[in-house]
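J.: coords please:
(one chain, ligands or ions: 1)
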Amino acid sequence: MVRVNIRRPPNIRGVFFLCLASTGMVLGADVVAFDPHSTTAAPCGVGIPPPGHSAPEVSATNEALTLTVRQDRNRLCYTTDGNADAPTIRVRLGSDLNITLRNEIVGPDAIDAVTGPGRLTVATGRVPASPGFLAVIPGMKHHATGMTNLHVHGFAVPPVKPQDDVLGICTDPAVGPRRCGQRAFTYHFHVPDDMTEGLYWYHPHVHGEVQAQMLMGLTGAIVVEGPQSDARRAAGIDERVLIVRQTQDIDAGRTQAAAMTAASPASVTHEASRHAPPPTAIDTAHELLCGSNSGIDPISLNGTPVPVGEAEDSALANFEIQAGKTQLWRILNAATDAFLDLSIVTENGKPLPLEVVARDGSALADDAGTLLPTPETLTSQFVPPSGRIEILLKAPPPGVKAYLVTHAVDTGCAGDRLPERRLAVITSIGEGPEGRAEPPVSQARGSNLFNGLMARHTDKERVIAMAEYPRPGITDQVDFYIVERKPGAVLKPYEMGAPPNISVHAGTTEEWVIENWTNELHAFHIHQVHFRVLAIDGKPVADPPLLDVVSIPYAEATGYHSTEGPVRPGRVRIKLTFPESLAGDIPFHCHLVDHEDNGMMAVLRVLPKARP
Ligand SMILES: [Cu+2]
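T.: The predicted structure follows:
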């Protein structure tokens, strides 16, 4: 990945917030002090959380919890006990988590307004395709319904009612037709003993409306606790939960036709190669070309807007660490399509060390479940949309001001602009002992459901391709595709109710090569199961962590003599297994949720174990 550090001049909005933060004053009628109290007049509360804010925490171990989705024009919020600040839910391994989701959405049209209204309810035309390539069927875009549901991202629980069945469970809004037949649904999740403890999260998963509902505010964190959290607490390690959200997707549903003129790696025709395309190849000659998206999507940290470009520290979240002490930071990328590339740096941009202890809710461990050492690193940490990273962070040395930054990310020529941004300022307070507490790592080996994955025999290999095409006749809409590449396959955007695309028996193990045939980064996510990445673009990965989301590099042009044909897709090889406890219909999709909403999703059916 090419990384470019870009500094941009401050934008007007960033400066505006900066002024507010530094004066602490109320400037005008639409700027008010933060109050998350949900009222009839202000269902989602008022004001913007101040820098350094943390969401309320709810201990839900064996307790009943109600999340009511309320709406205030173009905002949606999860309210609990009258508080419209989506709570961080804490739950213990091996316990029950009972959540009643209540839908009080009153204006589904506002959801359309966020991501562009649906205009087609039937597929029109054909996507042009060169002969010899997989056929492509265009998508449809429906009006938003205001239905919502709850996905517990990363949980190893069955995709079956009353647990994580995003395809079968929904709740109706307060207005309009009754499609789900219920305004509320009570989820009964059982957090298995053999799930991993760490950071998970919740968000809606009604296909077609995921991005809009997330941008409008529907995201929250779940911390699953167990022996490792106990050990850290006993060692006096404090923790923070940091949630990066995105509040707007500037090009959602509005890909400019005028921008799609630039030459791009994945737009060359197969005449550009002396070699015939492989069978079941993806036609890149008619794909989405490079864009000229000039906007920068706004993101926030724990609700506080993140400035673009230079900003005063007072505009940033300010987190303090007792001198000489270490904190655990659990960081969630809940952005709809922004990738993060995180570092802790000094004022001058010099990286400071951190320890990565977990990714995607799983402590870094070998195939047998033995925790790996977590050496200090200066390397920046890539976190795709929906990914989580948990780091141990020492207080900066006395007198040194540190920043949590996300570096600029090259998302490909059809992707979004992601400049470097400072997310938070970190200072040490008080006087502490030299050095730090011993690493509070529990040596207890967890009985993780996915232990032994690497040692298992691979029963089958599949190639899964990602593609995107401008919709014929509709100049500003793009359809997104994910398909198993095999003879006779047809590229078709996912539609609710579509049959499963792949069926497997529980207990089997597979390797998937996920290919990106497009000009932008994607983020592959699969529900229920964690996987390990074996190789990226053919390069083996050492000590791969258990993940539930992985970035798939964009395609590149090869050359006339390449035996691969003119385009080489980005490729990530993963290994995954399907435990019997998770049998059912498991969605997999791009977690740039605009892409998912517009078709880049499919369903894997895990059938009960084959009996001899
Ligand atoms: Cu994508």
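J.: quick one, what contacts Thr79?
T.: Contact analysis of Thr79 by CB atoms under 8 Å, 6 or more residues apart in numbering lists 38, 43-44, 67-70. To be clear about C-beta, it is placed using only N, CA and C from the backbone, and glycine gets the same treatment.
J.: which strand is the longest one in the chain?
T.: Secondary structure of the chain per DSSP state E: the longest strand is strand 460-470.
J.: closest one to the ion out of the contacts of Thr79, please.
T.: Distances from the ion to the contacts of Thr79, taken as CB to the ion, are shortest for Val69 (25.5 Å).
J.: hmm, the closest one is touching Val106, no?
T.: No. Using CB atoms under 8 Å, Val69 is not in contact with Val106; the gap is 10.4 Å.
J.: so between the two, which is more surrounded?
T.: Val69 (28 against 16; other CB atoms under 10 Å).
J.: which residues of the stretch 101-250 of the chain score low on pLDDT?
T.: Low-confidence segments of the stretch 101-250 of the chain, defined by pLDDT under 70: 117-124.
J.: helices of that one, residue ranges please.
T.: 108-115, 210-215, 227-234 (DSSP state H, counting those that start in this stretch).
J.: I'd like those helices laid out as JSON lines, including distance to the ion and mean neighbour count.
T.: Listed next are the helices of the stretch 101-250 of the chain as JSON lines, based on distance: least, CB to the ion, whole Å; neighbours: other CB atoms under 10 Å:
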{"stretch": "helix 108-115", "distance to the ion": "15", "mean neighbour count": "20"}
{"stretch": "helix 210-215", "distance to the ion": "11", "mean neighbour count": "27"}
{"stretch": "helix 227-234", "distance to the ion": "32", "mean neighbour count": "17"}
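J.: can I get those in JSON lines including distance to Tyr403?
T.: Formatted as JSON lines, the helices of the stretch 101-250 of the chain follow (distance: least, CB to CB, whole Å):
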{"stretch": "helix 108-115", "distance to Tyr403": "31"}
{"stretch": "helix 210-215", "distance to Tyr403": "26"}
{"stretch": "helix 227-234", "distance to Tyr403": "24"}
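J.: how about these, which one is nearest Pro472?
T.: helix 108-115 (20.8 Å; CB to CB).
J.: for that closest one, C-alpha coordinates in PDB please.
T.: Taking Å, rounded to 0.1, in the frame of the first residue of the first chain, the C-alpha atoms of helix 108-115 are listed here in PDB:
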ATOM      1  CA  PRO A 108     -38.400   6.800   6.500                       C
ATOM      2  CA  ASP A 109     -38.100   9.500   3.800                       C
ATOM      3  CA  ALA A 110     -35.300  11.100   5.800                       C
ATOM      4  CA  ILE A 111     -33.300   7.800   5.400                       C
ATOM      5  CA  ASP A 112     -33.600   8.100   1.600                       C
ATOM      6  CA  ALA A 113     -32.500  11.700   1.900                       C
ATOM      7  CA  VAL A 114     -29.200  10.600   3.400                       C
ATOM      8  CA  THR A 115     -28.100   8.200   0.700                       C
END
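J.: which residue, other than its chain neighbours, is closest to the residue of the stretch 301-450 of the chain at minimum distance from the ion?
T.: The ion sits closest to Asp337 of the stretch 301-450 of the chain, with a gap of 7.6 Å, by CB to the ion. Among residues not flanking Asp337 along the chain, Leu592 sits closest, at 4.0 Å (CB to CB, 6 or more residues apart in numbering).
J.: for burial, what's the neighbour tally of that neighbour?
T.: Neighbours of Leu592 (other CB under 10 Å): 29.
J.: with Gly497 instead?
T.: Neighbour tally, Gly497, other CB under 10 Å: 7.
J.: the helix or strand encompassing Leu332 vs helix 227-234, what angle?
T.: Assigned by DSSP states H and E, Leu332 belongs to strand 326-333. Counting by axes from the mean of the first three to the mean of the last three CA atoms, to 10 degrees, strand 326-333 points 140 degrees away from the direction of helix 227-234.
J.: mind checking how far strand 326-333 is from the chain centre?
T.: 16 Å (CA atoms, centre = their mean, to the nearest Å).
J.: the residue of the stretch 301-450 of the chain closest to the ion: neighbouring residues, count only.
T.: 28.
J.: ok, whichever helix or strand comes after the strand holding Leu332: who's next to it in the sheet?
T.: Next along the chain after strand 326-333, taking DSSP H and E as the criterion, comes strand 340-346. Paired with strand 340-346 in the same sheet, following DSSP bridges, are strand 351-352 (antiparallel), strand 381-383 (antiparallel), strand 402-406 (antiparallel).
J.: quick check: which of those is buried the most?
T.: Sort the strands paired with strand 340-346 by mean neighbour count, taking mean count of other CB atoms under 10 Å, and strand 402-406 sits at the top with a mean of 24.
J.: and the next element down the chain from that strand?
T.: strand 409-410.
J.: that following strand pairs with which strands, parallel or anti?
T.: strand 417-418 (antiparallel).
J.: please identify the buried residues of the following helix or strand past the strand it pairs with?
T.: Using DSSP H and E, the helix or strand that follows strand 417-418 towards the C-terminus is strand 421-429. By 16 or more other CB atoms under 10 Å, the buried positions in strand 421-429 come out as 421-428.
J.: pick the one among these closest to Tyr554.
T.: Arg421 (21.7 Å).
J.: in the stretch 451-600 of the chain, what spans have low per-residue confidence?
T.: With pLDDT under 70 as the threshold, the stretch 451-600 of the chain has low-confidence stretches at 475, 559-560.
J.: how about Gly361: what's its closest non-neighbour residue?
T.: Distances taken as CB to CB, 6+ apart put Gly198 closest to Gly361, at 3.8 Å, once the chain neighbours are dropped.
J.: please tell me how far the residue in the stretch 51-200 of the chain that the ion sits nearest to sits from Met601.
T.: As assessed by CB to the ion, the ion sits closest to Gly139 within the stretch 51-200 of the chain, at 14.0 Å. Noted for Gly139: a distance of 11 Å to Met601, by CB to CB, to the nearest Å.
J.: try Leu340
T.: Distance from Leu340 to Met601, by CB to CB: 23 Å.
J.: check Met147 too.
T.: From Met147 to Met601 the distance is 16 Å (CB to CB).
J.: more neighbours: which of these two?
T.: Met601 (26 against 23).
J.: report the contact partners of that one.
T.: Residues near Met601 by CB under 8 Å, 6+ apart: 207, 482, 494, 587-590.
J.: can you rerun that using 6 Å?
T.: 494, 587, 589 (CB atoms under 6 Å, 6 or more residues apart in numbering).
J.: Thr411 too?
T.: Residues near Thr411 by CB under 6 Å, 6+ apart: 520-521.
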